[in-house]
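Q: Turn this into a model:
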Amino acid sequence: MSDQMIGLVNFSSQPGSVELREVPVPAIGDQDVLLEVKAASVCGSDLHQFLGCHSWTVNYPVVLGHEFSGVVARCGAAVKGFAEGDRVVSETAAVINPASAFSRQGLYNLDPTRRGFGYGVNGGMAKWVKVPERCLHRIPAGIGFEDAALTEPCCVAYNAVCVQSRLYPGSSVAVIGPGPIGLLCAMMAKLAGAGSITVIGLPQDRFRLDVARQLGVNHVLPLPEAEVVAWTKNFADGHGFDLVVDAAGVSAALKLALEIVRPAGQIVKVGWGPQPLGFSLDPLVAKAVTLQGSFSHNWVIWERTLALIGSGQLKFDRILNRVAPLADWRGVFEQMHHGQIVKGVLQPS
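A: Residues are numbered from 1 along each chain as shown. Presented below is the predicted three-dimensional model:
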């Protein structure tokens, strides 16, 4: 094996600072595996780092990619649960403090010292990546590497909709933002028994809103904010949605969520956005609304999500629109950025 490989590197905070570079093949420790990456899904956060509009700290230069699957190529001396040749996916929390109060609760995704693949340490948009054994999960039989690479965003959606929210069978759900996470949240809401699901976007989100229709949501609204509010007043009893998922992240999305959630309802915010709010939170008080953040995931969420994928209850034929070699990364990034596809997967190998 050569000691060098090609990786997709984000090398500074300036917009467009991403390119293919030769980087060292990672050395592994006793509790790590060397994973040969077969598929690396492109996340909105990869696009944000490419565009220089992210709101988290990045350890430059860094190989992008935190949604990846592959084959165990080499095991550290202390690895016991996996062997060479195993087909696996990896969680994102590459570095944690196992002794922290949060890790001890199983909430290592909230450990303040946490560093993730693709921004804190080198990620999966390269042929090889070093992964701690504790991050690994087996890919269910019959599931390809490309589909398996979408496990991570599904876990984000599962946490937001099935763990952090008060979603009951028959609940009315609105999802703001028809990007990958928003559409996966709609899929999770459907699996969880929502009575109606409405996906809200802008007219320029035409392709992704069409995908939402194909996924079987009840209503799709490619409308300006004022028209969405007016539509909501004529929906059901006119008081709004039981649950609103903000999967867009921009401040305007949270403002809209506060306008369309029903009194005593809940808003779950899973989208990131660095802008200041610029509006009053008085509606949160007046409606006695619960505002809940949702970030990342943990072991049990991964196992449950993989069970849904393995059983065929989660299918990605509408979501995964392009598979391409790593060399074609720019085209995939641009198609996702412009809303021409929902999800693209790169093949580093």
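
Q: all strands for the stretch 51-200 of the chain, in order.
A: Secondary structure of the stretch 51-200 of the chain by DSSP state E, counting those that start in this stretch: the strands cover 62-63, 67-75, 87-90, 128-132, 136-138, 172-176, 196-201.

Q: which regions of the protein sit below the pLDDT cut-off?
A: For the chain, the stretches with pLDDT under 70 are 1.

Q: domains of it?
A: 4-150+316-347, 157-293 (automatic domain parsing).

Q: need those in TSV with mean neighbour count and distance to residue 309, can you?
A: (Glycine included, C-beta is placed from N, CA and C.) TSV is the format used below for those (neighbours: other CB atoms under 10 Å; distance: least, CB to CB, whole Å):
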stretch	mean neighbour count	distance to residue 309
domain 4-150+316-347	19	6
domain 157-293	19	11
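
Q: Those: which one's closest to residue 308?
A: When the domains of the chain are compared by CB to CB, domain 157-293 sits nearest residue 308, at 7.0 Å.

Q: give the contact list for residue 215.
A: 183, 186-187, 190, 318 (CB atoms under 8 Å, 6 or more residues apart in numbering).

Q: okay, the strands of the stretch 51-200 of the chain in TSV with distance to residue 103 next?
A: Converted to TSV, these look like this (distance: least, CB to CB, whole Å):
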stretch	distance to residue 103
strand 62-63	23
strand 67-75	22
strand 87-90	17
strand 128-132	13
strand 136-138	17
strand 172-176	31
strand 196-201	35
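
Q: Residue 339: which of the ones you listed is closest?
A: Taking the strands of the stretch 51-200 of the chain one by one with CB to CB, strand 196-201 is closest: 8.9 Å.

Q: Strand 172-176 and that closest one, what's the angle between them?
A: 10 degrees (axes from the mean of the first three to the mean of the last three CA atoms, to 10 degrees).

Q: tell me what strand 196-201 is packed against?
A: strand 172-176, helix 180-191, helix 206-214, strand 219-222 (3 or more CB pairs under 8 Å, 6 or more residues apart in numbering; DSSP states H and E).

Q: can you redo the domains of the chain as CSV with distance to residue 308?
A: Converted to CSV, those look like this (distance: least, CB to CB, whole Å):
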stretch, distance to residue 308
domain 4-150+316-347, 10
domain 157-293, 7
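
Q: rewinding a little: compare the helices and strands packed on strand 196-201 and give me the one nearest residue 43.
A: Nearest to residue 43, of those and by CB to CB, is helix 180-191 at 7.5 Å.

Q: tell me, what residue is most central in this protein?
A: residue 153 (3.1 Å; CA atoms, centre = their mean).

Q: Next up, the contacts around the closest residue to residue 189 other than its chain neighbours.
A: Using CB to CB, 6 or more residues apart in numbering and skipping residues adjacent in sequence, the residue nearest residue 189 is residue 173, 4.5 Å away. Residues in contact with residue 173, defined by CB under 8 Å, 6+ apart, are 161, 167, 186, 189, 194, 196-198, 241-245.

Q: In the sheet, which residues pair with residue 173? Tell me.
A: As for beta bridges, residue 173 partners with residue 197, residue 243 under DSSP bridges.

Q: I'd like to know how far it sits from residue 267.
A: 11 Å (CB to CB, to the nearest Å).

Q: Give me the distance between the residue nearest to the centre of the chain and residue 297.
A: For residue 153 relative to residue 297 (CB to CB), the value is 10 Å.

Q: Look up how far residue 72 lies from the nearest residue to residue 80 once chain neighbours are set aside.
A: Spatial nearest neighbour of residue 80, chain neighbours left out: residue 133 (7.7 Å); criterion: CB to CB, 6+ apart. Shown here: residue 133 relative to residue 72, a distance of 10 Å by CB to CB.

Q: Give me the nearest residue to residue 192, chain neighbours excluded.
A: The nearest residue in space to residue 192 (CB to CB, 6+ apart) is residue 167, at 5.2 Å.

Q: Could you double-check that the one you found lies in contact with residue 157?
A: No: using CB atoms under 8 Å as the test, residue 167 is too far from residue 157 to be in contact (11.9 Å).

Q: Lovely, talk soon.
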